[in-house]
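Participant: Compute the structure for the input listed below.
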Amino acid sequence: MIYKVRGYVFFRMGSEKVKKDRLFSVKKTISIAFAYVGILTGAGLASGRELVQYFISFGIAGIAGVVIIAGLYMVFGKMILSLGSYYRAQNHSDVLSQVSHPVISHILDYSMMLSCFVLSFVMVAGAGSSIGQQFQIPSWIGSLLCASLILAVSYMDFDKVMGALGMFTPIILILILIGLTAIFAGPQIDWSKTIETAGNTDSSLPNIYVSVLNYFALCMMTSTSMLFVLGGSIMGLGNAEKGGILGGFLTGLITILIALLLYSKVDLIVDANVPMQKLLQNIHPVLGFCMAITIFGMIFNTGFSVCYSLAKRIAGDNETRFRRIMLVIVGIAFVLSFIGFKTLVAVMYPILGYIGILLLVVLLTAWIRERSNIHQEQKIRKGIFKLMMRKTDENRKFTHQDEQKLNQLIQKSAVDDDEIRHDMKEIVKEKQD
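Facilitator: This is a model prediction of the structure:
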């Protein structure tokens, strides 16, 4: 008997086997979603610095802007991870070269490489600011620690890397909820006053419309490269889509909750290098300490992502070259982090955001054009998996016609024949084990 479970097809091998396979698929989707959040929720968002600059400073209009951003995270999360999975991307150029004109592809390729490079030292600087603010030590110590961790993790297996990227997601959600509970359980907040105060703070953006577009374009510019790599590691297109939607929802939820916290204490945090850390420190020192460690972890997530994806883009499949390039990138990032986190966010983020608008157009166009092909590819991969499961099942007959059908599906797939045959065999073996 055949069961369709979470985008894959499994053969009945007892109720326990079916239950295990169902759990595996759910766990995979959640793992992808947490990694998505980890890649996007870097120094600026986790610290609150981005939200102060892009949304809080526009007063009540900023609230609407944050809600719109939350919706965009879900829509583009599904698109990007699906495209990465469809093309089995190992770096961003694997997708861009397929979905855009060669000139546009080269422009975005070099722009995304530049974005990854810029974000590498912004993240390392952010780590230094977070640790320095919490422990009253020179910021370069935190930057050095972050740079060292990036190097160490980059040499790990990718599945372990994906787990590391997602580990801080539930922690930051818990801390935010604790902070909100403490704020709303305390003295009544005069929201009209706090929103008015927020609207009087400085922003480097002219209005909320430009701010929303620039901010989301910035997020995509600085994360799409690694999100393509994440999507490329996923064979199941259904898991990629669901992981992107769930990851987008969680990222949007975190963004909205952080914004609420910042609005509630805007007079306290408006000039802080790391607003969220200062806010929770004001509630209780233990919360401040926990937030400092968590922000450091989220900063590390994004710092690692941009360094890793940039090194992969330059080195390709050459592992030895990859390790050397990672060392160079992280070393330069550490040196440039001495410029200072707050200055880097204010100057570099808007510039990257404007460049990222072109990327949004390309991604949206690619999704519209390739959507039907992606759905067809999803059916093909399900069919290949089903036939390979039958081929390796001693209790089922695998006919010559089945072999022909399997070969036809492999040839129809958008993935290289040898690659999909090898990768699908690994998945089948994993399911059987």
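
Participant: Going by C-alpha atoms from here, please, whenever you check contacts or count neighbours.
Facilitator: Noted.

Participant: Tell me where the stretch 51-200 of the chain is predicted with low confidence.
Facilitator: Along the stretch 51-200 of the chain, the parts satisfying pLDDT under 70 run over 158-159, 162-165.

Participant: ranges for the helices of it?
Facilitator: 60-86, 92-99, 102-135, 139-154, 158-166, 169-185, 191-199 (DSSP state H, counting those that start in this stretch).

Participant: Can you add mean neighbour count and give those helices back as JSON lines?
Facilitator: What follows is the helices of the stretch 51-200 of the chain, written out as JSON lines (neighbours: other C-alpha atoms under 10 Å):
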{"stretch": "helix 60-86", "mean neighbour count": "22"}
{"stretch": "helix 92-99", "mean neighbour count": "20"}
{"stretch": "helix 102-135", "mean neighbour count": "23"}
{"stretch": "helix 139-154", "mean neighbour count": "20"}
{"stretch": "helix 158-166", "mean neighbour count": "17"}
{"stretch": "helix 169-185", "mean neighbour count": "16"}
{"stretch": "helix 191-199", "mean neighbour count": "17"}
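
Participant: Looking at these, which is nearest to residue 52?
Facilitator: With C-alpha to C-alpha, the closest approach to residue 52 among the helices of the stretch 51-200 of the chain belongs to helix 191-199: 8.4 Å.

Participant: Could you name the helices and strands sitting against that closest one?
Facilitator: helix 237-264, helix 266-269 (3 or more C-alpha pairs under 8 Å, 6 or more residues apart in numbering; DSSP states H and E).

Participant: Now tabulate those helices in TSV and tack on mean pLDDT, mean neighbour count and distance to residue 215.
Facilitator: Shown next, in TSV, are those (pLDDT from 0 to 100; neighbours: other C-alpha atoms under 10 Å; distance: least, C-alpha to C-alpha, whole Å):
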stretch	mean pLDDT	mean neighbour count	distance to residue 215
helix 237-264	91	24	12
helix 266-269	83	18	20
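
Participant: what's the nearest residue to residue 68 once chain neighbours are set aside in contact with, if anything?
Facilitator: Spatial nearest neighbour of residue 68, chain neighbours left out: residue 212 (7.9 Å); criterion: C-alpha to C-alpha, 6 or more residues apart in numbering. Residues near residue 212 by C-alpha atoms under 8 Å, 6 or more residues apart in numbering: 54-55, 65-66, 68-69.

Participant: Give me the below-cutoff pLDDT ranges for the stretch 251-400 of the chain.
Facilitator: Residues of the stretch 251-400 of the chain that meet the criterion pLDDT under 70 lie in 340-346, 349.

Participant: who wins for proximity to residue 327 among the helices of the stretch 51-200 of the chain?
Facilitator: Residue 327 sits nearest to helix 139-154 of all the helices of the stretch 51-200 of the chain, at 6.8 Å, using C-alpha to C-alpha.

Participant: Give me the distance between residue 66 and residue 273.
Facilitator: 21 Å (C-alpha to C-alpha, to the nearest Å).

Participant: what do you get for residue 356?
Facilitator: 25 Å.

Participant: what's the following helix or strand after the longest helix seen in the chain?
Facilitator: When the chain is parsed with DSSP state H, its longest helix is helix 341-391. Counting by DSSP states H and E, the next helix or strand C-terminal to helix 341-391 is helix 400-412.

Participant: next structured bit after that following helix?
Facilitator: Downstream of helix 400-412, the next assigned helix or strand under DSSP H and E is helix 417-432.

Participant: what's that following helix in contact with?
Facilitator: 21, 235, 384-385, 388-389, 410-411.

Participant: If any of those residues are buried, put those into a PyMOL selection.
Facilitator: With 16 or more other C-alpha atoms under 10 Å as the burial test, the buried ones among those are selected in PyMOL as follows:
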select buried, resi 21+235+384+385+388+389+410
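
Participant: follow-up on the earlier one: tabulate the helices and strands packed on helix 191-199 (a markdown table), appending distance to residue 188.
Facilitator: Formatted as a markdown table, these follow (distance: least, C-alpha to C-alpha, whole Å):
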| stretch | distance to residue 188 |
| --- | --- |
| helix 237-264 | 10 |
| helix 266-269 | 15 |
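
Participant: Residue 100: which of those is closest?
Facilitator: Closest among the helices and strands packed on helix 191-199, using C-alpha to C-alpha: helix 237-264, at 21.3 Å.

Participant: Who are the packing partners of the closest one?
Facilitator: Applying 3+ C-alpha pairs under 8 Å, 6+ apart, one finds that helix 237-264 contacts helix 15-40, helix 60-86, helix 169-185, helix 191-199, helix 275-283, helix 341-391.
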